[in-house]
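A.B. asks: structure for this input, please:
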Amino acid sequence: MCRGLAALPATCIERAKGIKTKLGILLQKPEIITDYIIPYSDKAEKPAKPSRPSQTEVQQWCDSLEKLLMNSYGLAAFKAFLQSEHSEENIEFWMACEDYKATKSPLKLAAKAKKIYDDFIEKEAPKEINVDHYTKDVTMKSLIEPSTTTFELAQKRVLSLMEKDSFCRFQKSELYLELIK
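C.D. replies: Numbers count the residues shown, from 1 in each chain. Next comes the predicted model:
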């Protein structure tokens, strides 16, 4: 029995709208012949590799974890350090929250919120982060109506944990000491 569009997940409907828009564009008659040409690169685009920071920049990372995380090379170095210690879930959660906060579409926001919750906050999650029950409860309640601040409290707690623990170890690591040289 057909249940109509309401039975489809929101992501399917959003994707269908995108396809409809693209098809509409293709059906329009082009003005000139060059409109038929679709640019194509046979090489997959790679994300830009962060350039090595100056010694001064690296030394400034000592001031705060926020300075380190705002630098793409610093973030990559810190993540590599955490991976070497098998404790990358906190930085991955922080990065997922940053990506989440930059999301504009309410449908995408809801989907990302569910994924973040399932991956990092839910009990027995694959990359469960260490936050208190109060923080989990506040986050769970804010999932009812996801907004860009849904994970704000949890992200602040995780940032604080990284600052007090992982960041101190990172500053003493061979990786960081090599960057200062």
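
A.B. asks: show me what contacts the nearest residue to Ala77 once chain neighbours are set aside?
C.D. replies: Nearest non-adjacent residue to Ala77, counting by CB to CB, 6 or more residues apart in numbering: Leu175, 6.1 Å away. (C-beta placed from N, C-alpha, C; glycine too.) Residues near Leu175 by CB atoms under 8 Å, 6 or more residues apart in numbering: Ala77, Ala80, Phe81, Ser84.

A.B. asks: element containing Leu175?
C.D. replies: For Leu175, the host element (DSSP states H and E) is helix 174-180.

A.B. asks: pLDDT of that helix, averaged?
C.D. replies: The average of the pLDDT scores along helix 174-180 is 88.

A.B. asks: if we go by neighbour counts, what in it is buried?
C.D. replies: Tyr176, Leu179 (16 or more other CB atoms under 10 Å).

A.B. asks: over to stretch 87-106?
C.D. replies: Glu88, Glu89, Asn90, Ile91, Glu92, Phe93, Trp94, Ala96, Cys97, Tyr100, Lys101, Thr103.

A.B. asks: likewise for stretch 122-135?
C.D. replies: Neighbour-count burial for stretch 122-135 flags Ile129, Val131, Thr135 (criterion: 16+ other CB under 10 Å).

A.B. asks: over to it now: how far is its first residue from its last?
C.D. replies: Stretch 122-135 stretches 12 Å from its first residue to its last (CA to CA, to the nearest Å).

A.B. asks: also stretch 146-165?
C.D. replies: Termini of stretch 146-165 sit 30 Å apart (CA to CA).
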